[in-house]
Every structure is written in structure tokens, then in C-alpha cells.
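> I would like to see how this sequence folds:
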Amino acid sequence: MWRKVFSLLPNRAFSSNPEIPTLYSFLQPSIFALKRDPPLPSTKLPTQPPKTLNSDTVTSLETTLHKSLLTDDTDEAWKSFKALTSGSAFPSKSLANSLISHLSSLKDVHNLKRAFASAVYLVEKNPGLLEFETVESLLNSFKCAKTSAPAFALIRCMFKNRFFVPFSVWGNVLVEISKKHENFPAFLRVFEETSRIALDEKLRFMKPDLSACNAALEGCCHQLKSVIEAEKVVETMSVLGVRPDESSFGYLAYLYALKGLEQKIAELKCLMVGFGISTKGLFRSNLISGYVMSGNLDSVSATILCGLGEGGESLNLGEETYCEIVKGFLQNGEVKALATLIIEAQKLETFTVIVDKSVGYGVISACVNIGLSDKAHSILDEMNVQESFLGLGVYLPILKAYCKEHRTAEATQLVMDIRNSGLELDAGTYDALIEASMSSHDFQSALTLFRDMREARVSDLKGSYLTVMTGLMENHRPELMAAFLDEVVEDPRVEVSTHDWNSIIHAFCKAGRLEDARRTFRRMIFLQFKPNEQTYLSLISGYVSAEKYFNVLMLWNEVKRNVSIDGEKGIKFDQTLVDAFLYALVKGGFFDAVMQVVEKSKEMKIFVDKWRYKHAFMETHKKLKVSKLRRRNFRKMEALVAFKNWAGLSA
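Presented below is the predicted three-dimensional model:
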């Protein structure tokens, strides 16, 4: 069918290029286009051997060549090879291939030239010695060395000398080299020649595969932009029996759209059906690219809408294609046309289309990605002027751009607009916006977004809740933490724990705002969250810093009623909490409470470092006399005596 459709094309006579430059011209540095090395011994091989070597000399040179390769003595190996070829002799097949492989593996210009010269010499004089794997290895070395001319020269030399290596050995490497170095004309000549050989010589193993045919077709369509050359490649594929794929049709679609050949585009669509190619994403992308390049924007819109009209599913256009579309429209000042395109696309897209696969998302996202956020806003404004419904796909890219640019206040306002239009954002979008707001220290926007998230009945609030709490704590904003926690504490979608209250209390205490810490503590208890050892450690630390030791005494009176020996139901009374209470109560002079803590620690077998509290007493109560306390308060006197005896201060 491929042949039938293009049977009217003029028959092509395949022509080879007989002009193979001499070996020595390819040894010039310009062929390799690499940095020129210092002068080294000549790599040239003799064209007219002066004499014939006897068998003993040949054996000796082969032995030297073998040993040199084993010891990586490259110069000596090359010297032996030149001596052999100068005497009309050749090394064994294994040695010849080992030498070329060794030289090409060194990857320096000088030895790559030697490898090239050796390979060409063998092709011209004794091709039976050269193994296919060696040819492939040498071509890969050219690819790594970023040079294309010797690669094409080697293949043309093989053609000239009728040394036919299967296309599968060298074809794909040559395709890569031609694409990498933009040397398409040279590749096209080789493609034509190997195709001719495959047909004329009836050598199927020389036939280019689909990948190579597509590479030739792509170059004709995108680089040469020649309909004649492209259709010659199509004819070649037909004659060779190479079945085209979606890429083949895509390249032709680009060229025909560029040239405005609508009839041929229609033929391509029919052919795709005939070949059973059902996917049209790549074909459509190429078609759009061609229309954009030709400035035919009406056809761009028509192609997109036609694609949607075939089923209402997403077009699967890539980001690159959308960027081309946006640039093409905006360079021509067609903001209104872009807006209209999105509006019409939304009418055709079904509800099953994923948001980020919609045309609106693709267009607006492309505007943002190429740095034209202002144009994205212009498109939105134009859609509003046309009183069109704006889907989520239009909003989301701008929201993402706001996050990236930390324009959180504008993002928050846009979220309000989205909600007012009846659309709903997912938890992931809210999470990203809230995280951006917290990173920008825009706490009000973050809190506003979280409230909107709750009102929108988003089921998963945990991630954003933690983001807000963590951000406020890291930025030392306990008052906002307390207000936020009070606001969400009864929401079943948020898991508020004692740890959250502890974070607020700790932050207040650290800032010296003890009244706020106490108020938060009371609120925590009122809402039936049980304080733990960390709660009391934070409060004790805050009270000690402010020298409010009486408040510590009040805490102890509360704690001692709730201390649990096993720590399962009540407060876990560990060494850290014991130390905190003892130090504060000794500093405050509440020795009766001190001894209560001591007794409790003995009961629970908690080690107490007496030296620390002995030092605290000497530091604070050095002049305190038992006789004075006897007259004022007998109970305090007893507690003081008990403490001094315990701490070893009686002496």
C-alpha cells in the first residue's frame, strides 16, 4: 500500500558517490576537528611496498606486534604493523583486529588516526582480515571523539571496495553520529548508497532498518525541508519493504503542513488508517509544528479542535508542542485567538480528561514555563471578557508559578476566585500553596488557605496542618500557633496531640511570655489533653529563667498527684523531670517539696546527683540559718534540716 500510494512519484536512480578521498587526506587534523596534538611519528602506511619480507621476518614482526599489544607498547606495535605492511605482508587476522581495537580504545587523536588508517588500508588491500566487530568498535570511538567525517569516509571506503558489512553493525552508530554532529547530507548519501547496494546486489543484510529510514526522512523534512527528497526516501522505503510507523507519517505531516499541502495531509491520514496506526499524538504534534512554522495559526486551532472532536479525550501533546503553539500565537499578538482556542477546547473536552492533560493547562503552563506569566494573565482576562467558564486547567499553572515566585498573597486571592467560581482544588495544590506561603513568611496567607481548605471539605488536612505548625514554631510565632490550634482543635480531620500543645508552651516559655504559656497550659487541660513530662519541663525552665519558683511549687503539687510508677496512665517521672524540680525548688527554698521529690525518686529508684543541689543551695541560701527558721516556722526548719542532712551540708 505504501508503494501504491506513492507510485506516481518519479522513479529514482540510486547513485553512489565514487569520489573517495585518499587515505592520507583523512589523516589531516581537520577531518577529526579536534585539538591539534604535538608532532608525532607519521601514521602513514606505504602505498608502494619496496620489497617482500621473508617468512622468518614476518614471524618475528608478528611476535613483536603481539608482545607490544600485550604490554600496551602502542608505538612499538604500530612500528611492527608498518614494517609488515611495507613488505607486502599482513599480520594474522586476530592481531590486525586487536591492533585496531587497541588504537581506537585509546581515544586520543593521534592513535584514532592510526586506527582509521589501518582499517582503510585493510579494506583496500585485504578486507578479509577486518572483522565486523572491529568496524563497529572503531565507529563508536569516532562517536565518542565527536568527529563524523572519518566515520562516513570509512563506510564509503567499504562500499567502494565492495566490503559489505551488515547494516545492523554500523547503521545505528552512523545515525547517532549524523544527528549528534548535524551532518545529515553525508548520512543521506550513505543511506542512498546502502539502499542501492541492498537492491542491486540483492543483499538484504545491507538494507537500512526503520530507524535509519526515519532518520533520513526526518532530515529531509526538518533540515532540507524538501518535498522531493522526502518523497524519494518514501519511495526507497516502499521498494525496500520497510513498513512506516507513526514517526514516519509525523515527519511528512510536518513538511506538508509547512508547505501548505492539505491534499497530501489528507492522504497521510488515510494511509495511517490503512497501516493500522491508531495513535495520532505524534502525527498531530508534527502537524501543529509545521503549521506554526508556516504561520498558519487557524490550522493549528483547527487541528487541536478536530483532535478533541474525535472523542473528547486529551490530545497528549507534549510541553514542547504547547510552547511552540504559545510562541507562534503570541509573536503574532494573538492573545484573543489563544483564549478562544481554550474556550472551544473546554467545550469538547469530556469530564474524564485529567486536568493537567487539558488544552487550557497546556497553553497556560507553556506561557509560565517560557517566562510569559503576564501573557497567561492576559489570556485569563480575555476569557473573562468573553464570559467563558475557566476550568482548573487554566488556573493551576498560574498557581504553581505564584508558588515558585513566592507571590503568595496573589495566589491566595486566586484561590478565593477559584472557589467562588464553584471549582475545587485538591489537597496537593493546597499543600504546595501553604508550604510556599510559610516559606515566604506570609503566615496570614497560609492560615487563610488552610481555612479555605477546611471549608472546601478537603478530607486530608494532616500535611498542611503540620506545615503550618512547624513553620510557625520555627519562626517563633507561638501566639499564631495558639490561635491556629484553638481554631482547628475540634476538627476530626486534624490530629491534634499533646505534642502540639507542648510546642506552643515551649515557644512561649522560651520567649519569656510565661502568662501566655500558663494560659495555654490551662486551655490544654480544659480540652482534656493530658500534660506529660515535656509539658512540665518547658514550664519549669520558663519559671526558673524568670525566678518564679513559687509557680514551680504549684506545678509540683499538681504533678505529685498524677505521677505514675510505670508511666502508662499518669506522668512519667524520670530523671530529667526529677532534676528540673529539685533544682528549681532548692533555688526557691521550698525544702519540704524538695524532700517530697527526693522521697518519690527513692520510691521509683531514680538516681539523684546530690552535688548539683548542694551547689545550688550554697549559691542561693548560704547565709540561711536554722535558728532563724525555728522561731518563724518549725515545719520549714525540719525540712531544711532534712535537706542538709540528705545533701551532706550538716557539717
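> element containing residue 187, please.
helix 184-200 (DSSP states H and E).
> Now do that helix, average pLDDT.
The average pLDDT within helix 184-200 is 95.
> what's it in contact with?
14-17, 148-149, 152, 155-156, 159, 164, 167, 171, 174-175, 177-178, 203-208, 212-213, 215-216, 219-220, 223-224, 229, 233, 236, 239-240 (Cβ atoms under 8 Å, 6 or more residues apart in numbering). Where C-beta positions appear, they are placed from N, C-alpha and C, glycine not excepted.
> rerun that using 6 Å as the cut-off
Residues outside helix 184-200 that contact it (Cβ atoms under 6 Å, 6 or more residues apart in numbering) are 14, 16-17, 152, 155, 159, 167, 178, 206-208, 216, 219, 223, 236.
> Highest neighbour count among the residues you listed?
residue 216 (28 neighbours; other Cβ atoms under 10 Å).
> Could you pull up the residues touching it?
188, 191, 233.
> thinking again about what came up before, how far out from the middle of the chain is the helix holding residue 187?
The chain centre lies 39 Å from the centre of helix 184-200; the measure is Cα atoms, centre = their mean, to the nearest Å.
> Also stretch 193-201?
With Cα atoms, centre = their mean, you get 44 Å for stretch 193-201.
> What residues of it count as buried?
Using 16 or more other Cβ atoms under 10 Å as the test for burial, stretch 193-201 gives 193-199.
> which one of these sits closest to residue 138?
residue 194 (17.7 Å; Cβ to Cβ).
> Helices - which of the contacts of helix 184-200 land there?
Judged by DSSP state H, the contacts of helix 184-200 include 152, 155, 159, 167, 178, 216, 236 as members of helices.
> Least confident of the residues you listed?
residue 178 (90).
> Which residue, other than its chain neighbours, is closest to it?
Spatial nearest neighbour of residue 178, chain neighbours left out: residue 187 (3.6 Å); criterion: Cβ to Cβ, 6 or more residues apart in numbering.
> now that neighbour: how far from residue 427?
52 Å (Cβ to Cβ, to the nearest Å).
> Neighbour count: those two, which is higher?
Shown here are residue 187 and residue 427; by other Cβ under 10 Å, residue 187 has more neighbours (23 against 16).
> Next SSE downstream of the lowest-mean-pLDDT helix or strand in the chain?
The helix or strand of the chain with the poorest confidence is helix 29-32; it has a mean of 36 (mean pLDDT, DSSP states H and E). Moving toward the C-terminus from helix 29-32, the next helix or strand (DSSP H and E) is helix 55-70.
> which residues of the stretch 551-651 of the chain fall in helices?
575-588, 591-603, 610-620, 626-632, 634-647 (DSSP state H, counting those that start in this stretch).
> Can you tell me which of these is most buried?
helix 575-588 (a mean of 21; mean count of other Cβ atoms under 10 Å).
> mean confidence score for that helix?
The average pLDDT for helix 575-588 rounds to 86.
> Stretch 281-299 now?
For stretch 281-299, the per-residue pLDDT averages 94.
> Show me what counts as buried in it.
Neighbour counts using 16+ other Cβ under 10 Å place 281-292, 296-297, 299 of stretch 281-299 among the buried residues.
> Mind listing residues that contact it?
Residues contacting stretch 281-299 (Cβ under 6 Å, 6+ apart): 246, 249-250, 253-254, 257-258, 300, 303, 307, 316-317, 321, 324, 328.
> Please indicate which of those residues has the highest neighbour count?
residue 253 (29 neighbours).
> and the end-to-end length of stretch 403-412?
10 Å (Cα to Cα, to the nearest Å).
> Tell me which residues of it come out buried.
Neighbour counts using 16+ other Cβ under 10 Å place 403, 407-408, 411-412 of stretch 403-412 among the buried residues.
> Quick one: mean pLDDT for it?
86.
> who's in contact with the residue lying closest to residue 465 once chain neighbours are set aside?
Of all residues not flanking residue 465 in the chain, residue 494 sits nearest, at 5.0 Å (Cβ to Cβ, 6+ apart). Going by Cβ under 6 Å, 6+ apart, residue 494 touches 461, 465, 488.
> same thing but 8 Å
Residue 494 neighbours (Cβ under 8 Å, 6+ apart): 461-462, 465, 488.
> Same question for residue 496.
485, 488-489, 529 are the contacts of residue 496 under Cβ under 8 Å, 6+ apart.
> Can you tell me how far it is from residue 159?
Applying Cβ to Cβ, the value for residue 496 to residue 159 is 79 Å.
> can you check residue 396 too?
Distance from residue 396 to residue 159, by Cβ to Cβ: 56 Å.
> Could you tell me how far stretch 254-268 lies from the centre of the chain?
On Cα atoms, centre = their mean, the centre of stretch 254-268 falls 36 Å from the chain's centre.
> Can you pull out the residues in contact with it?
Against stretch 254-268 from outside (Cβ under 8 Å, 6+ apart): 5, 220-222, 225, 227, 230, 249, 252-253, 283, 286-291, 293-294, 296, 299.
> same thing but at 7 Å, please
5, 221-222, 225, 227, 230, 249, 252-253, 286-287, 289-291, 293-294 (Cβ atoms under 7 Å, 6 or more residues apart in numbering).
> What ranges in the stretch 251-400 of the chain fall below the confidence cut-off?
311-314 (pLDDT under 70).
> how about the helices of it, start to end?
According to DSSP H, counting those that start in this stretch, the helices that the stretch 251-400 of the chain contains are 262-274, 281-294, 297-309, 319-331, 335-348, 359-369, 373-385, 392-405.
> Adding distance to residue 452, write these out as TSV.
As requested, the helices of the stretch 251-400 of the chain are exported to TSV (distance: least, Cβ to Cβ, whole Å):
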stretch	distance to residue 452
helix 262-274	47
helix 281-294	37
helix 297-309	32
helix 319-331	30
helix 335-348	24
helix 359-369	22
helix 373-385	20
helix 392-405	13
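> Perfect, I'm done here.
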